[in-house]
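1. sequence-free structure coming up:
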C-alpha cells in the first residue's frame, strides 16, 4: 500500500468517527428530551390522579401562594402564619442578641 492510499483510508476512518460522534450526540439529545417529556407526563398524570382522589381544588389568590404552589409546598393559611411568626421571632431574638453583644 502506498502512502496516498493509507492517507485516504485514514481520512475515511476519521470521517466515520466524526459521524459516529455526531450521531451519538443527536441520539443522546433526542433520548434526553423524550425522557423529560415522559417524566413530565407521568408527574402530571400522578397529580391528576391525586387531585381526583382527594377531591380538593386549590384557588391561588396571591403571588406567595403561586410561588408555594410551583414549589409544591402545600401549607394552610394557619401553618403559613405560624411559620411566619416563628421566623419573625427568631429574627427578633437574633437582632436582640447582636445588639447586646455590641453593648458589651
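-> Nice, I can see it. If you're wondering where the values come from, they're calculated on a predicted model, not measured in any experiment.
2. Any regions of the chain where pLDDT drops low?
-> Applying pLDDT under 70 to the chain flags residues 47-60, 104.
3. Break it into its domains for me.
-> Using automatic domain parsing, the domain parsing of the chain gives 1-57, 59-104.
4. In a markdown table: those domains, plus mean neighbour count.
-> C-beta coordinates here come from the backbone N, C-alpha and C atoms, glycine included. Shown next, in a markdown table, are these (neighbours: other C-beta atoms under 10 Å):
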| stretch | mean neighbour count |
| --- | --- |
| domain 1-57 | 10 |
| domain 59-104 | 10 |
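5. where exactly do the helices run in the chain?
-> Chain-ordered helices for the chain, with DSSP state H as the definition, fall at 3-54, 63-70, 77-103.
6. Got the phi and psi for the most centrally placed residue in the chain?
-> With distances taken as C-alpha atoms, centre = their mean, residue 71 lies nearest the centre of the chain, 9.8 Å away. Here is the backbone geometry of residue 71 (degrees, to the nearest 10): phi -80, psi 0.
7. what's the distance between it and residue 22?
-> Note on residue 71: its distance to residue 22, by C-beta to C-beta, to the nearest Å, is 39 Å.
8. again, but for residue 64
-> Residue 64 sits 47 Å away from residue 22 when distances are taken as C-beta to C-beta.
9. try residue 67
-> Per C-beta to C-beta, residue 67 is found 41 Å from residue 22.
10. Then residue 66?
-> Counting by C-beta to C-beta, the gap from residue 66 to residue 22 is 42 Å.
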